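# please find the sequence and the predicted model below.
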Amino acid sequence: MKEISQYIAGWFTDMGIDPDYTSWSVRLTLLASIIIISYVVTKLVRHLVIPIVEKITAKTKAKWDDYLFNDKMLTGFCRMVPPIMLYILLPLAFSDMPNLLTILEKACSIYVVITTLMLINTFLNSLYDISNEHESLRNRPLKGIYQMMNLIAIAIGIILILSILINQNAATILAGLGASAAVLMLIFKDSILGLVAGVQLSANDMLRPGDWITMTKYGADGYVIEVSLTTVKVQNFDKTITTLPPYALVSDSFQNWRGMKECGGRRIKRFINIDMTTVRFCTEEERKKFKSKGWMTDADKDEKETVNLKVFRNYLVHYLNNHPQINKDMMIMVRQLQPTAEGLPLELYCFTDTTEWIYYEQIQGELFDHVLAVLPQFGLRIFQRPTGNDLSNGIIN
């Protein structure tokens, strides 16, 4: 180091520079040289090393290296080169000025910490992109976990910066913060609860982005579009966005319709009220008509007295079993419910062969259109309360 300084000082003296300014001229020359070297090394890394790495990753069959060594990651590496080079070379120019050298080294160290945090953030974003590409991880709510990891990295970075500024060991500062743990837990309560809830949601496979959920308490009824550290965003069917805290999905009850979609069929469970005064035994003429149309089972044919409602139930079961848009692999049932003052509820229980909402409603509508239209052929009538129009027209007997 002394030989280099003496050589430069002699060079300035030969140029006729006043010896009183030689020391600062030497120092400024060394500083300029250090900056130029740092700039050249950074450019070499950016335009020589990085293209080589990109070519190598492009030739591999794996996709994960394309994300880990993408342009943002490599740019992050480049940001770390100048402060590292300055930290290494600055003693060449300021070895005889320890106080100034200490300040400059601290600035370089803080710069390194900041660029490292930026690199970690980019790395976690790349991991998130990789998980979205992976089949088994794509539907996991991992964004909140990555956000928590980034938050922990930032907290560690702040502690390191403080330790650099006050010349204290980072472990000592961390121990001192232990006394403020209660305050920190209060400040980061939502983040901590969100992290725990996110782990539970992911571990128990309770929620995935894209799931249709219903949570009446919070007015949520739609598809999950994002699961982060502090919020779960649900896009309702009216295109509004409902924001939920993740821990609410763990502490409260919500309905997830994913199972319905995965099974391939959506349930129809609806009833009509039969006027009980129309339930009776079939006449002989009706029995002949029902036999000719195949609406009576063999057991019904052998009975001397057959109830018209029973024939109607058997007809509906046969109708559902032969309907092209009813899932035959799932339960099909027609049953009576407890009679009420509104009549006798007759419930149809079956599943469509699609889970699409529009087609489901079309199938359900067509099904009950047919039920209402065919009902009078069995001598039955729907129970319906009289309206003012019925009374004014004298329809009520």
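Cool, the structure landed.
# quick one: mean pLDDT over the helix or strand hosting P51.
Taking DSSP states H and E as the criterion, P51 maps to helix 50-59. Across helix 50-59, pLDDT averages out at 77.
# what do you get for stretch 211-219?
On average, stretch 211-219 scores 89.
# kindly report the same for stretch 115-126.
85.
# pull the distance from that stretch to the chain's centre.
With CA atoms, centre = their mean, to the nearest Å as the basis, stretch 115-126 stands 21 Å off its chain's centre.
# quick one: buried residues of stretch 200-220?
Buried positions in stretch 200-220, judged by neighbour count with 16 or more other CB atoms under 10 Å: 201-202, 206-209, 211-213, 215, 218, 220. No exception for glycine: its C-beta is placed from N, CA and C like everyone else's.
# now the strands for the stretch 151-300 of the chain?
With strands called from DSSP state E, counting those that start in this stretch, the stretch 151-300 of the chain shows them at 212-215, 220-227, 232-236, 241-244, 255-256, 267-274.
# tell me which of these sits nearest to L195.
The closest of these to L195 is strand 220-227. By CB to CB, the value is 11.9 Å.
# list the helices and strands that closest one packs on?
Here strand 220-227 touches helix 143-166, strand 212-215, strand 232-236, strand 241-244, going by 3 or more CB pairs under 8 Å, 6 or more residues apart in numbering; DSSP states H and E.
# give me whichever of the ones you listed is most buried.
strand 232-236 (a mean of 20; mean count of other CB atoms under 10 Å).
# how far out from the middle of the chain is it?
Using CA atoms, centre = their mean, the offset of strand 232-236 from its chain centre is 10 Å.
# ok, stretch 106-124 next?
Distance of stretch 106-124 from the chain centroid (CA atoms, centre = their mean) equals 28 Å.
# report the buried residues of it.
108-113, 115-124.
# E284: neighbour count?
7 (other CB atoms under 10 Å).
# ok, now which ones touch it?
Residues near E284 by CB atoms under 8 Å, 6 or more residues apart in numbering: none.
# counting neighbours, what do you get for the nearest residue to L92 once chain neighbours are set aside?
Computed as CB to CB, 6 or more residues apart in numbering, the closest residue to L92 that is not its neighbour in sequence is L30, at 5.6 Å. Neighbour count for L30, taken as other CB under 10 Å: 20.
# cool, the one 3 residues further on as well?
Here the number of neighbours of S33 (other CB under 10 Å) works out to 15.
# do the same with the one 5 residues further on
Here the neighbour count serves as a burial measure; for S38 (other CB under 10 Å) it reads 19.
# check whether the residue lying closest to it once chain neighbours are set aside sits in a helix, strand or coil.
Distances taken as CB to CB, 6+ apart place M85 nearest to S38, at 4.0 Å, with adjacent residues excluded. Following DSSP: H, G, I helix; E, B strand; the rest coil, M85 is assigned to helix.
# export the helices and strands packed on strand 220-227 as CSV, with columns for distance to Q325.
Below are the helices and strands packed on strand 220-227 laid out as CSV (distance: least, CB to CB, whole Å):
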stretch, distance to Q325
helix 143-166, 38
strand 212-215, 21
strand 232-236, 28
strand 241-244, 32
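# worst mean pLDDT among those?
Here those differ in mean pLDDT, and the lowest is helix 143-166 at a mean of 80.
# residues making contact with that one?
Contacts for helix 143-166 (CB under 8 Å, 6+ apart): 106, 109-110, 113-114, 116-117, 120-121, 124-125, 127-128, 168-170, 172-174, 177, 188, 191, 194-195, 198-199, 202, 226-230, 246.
# report the distance from it to the chain centre.
With CA atoms, centre = their mean, you get 24 Å for helix 143-166.
# likewise for stretch 157-167?
The answer for stretch 157-167 is 35 Å, by CA atoms, centre = their mean.
# and for stretch 269-279?
Put simply, stretch 269-279 sits 45 Å off its chain's centre (CA atoms, centre = their mean).
# how close does N70 get to L127?
12 Å (CB to CB, to the nearest Å).
# so who does the residue lying closest to L207 once chain neighbours are set aside touch?
Spatially, and ignoring its direct neighbours in sequence, L207 is nearest to L201 (4.7 Å; CB to CB, 6+ apart). L201 makes contacts with 141, 207, 227, 246, 249-250, as judged by CB under 8 Å, 6+ apart.
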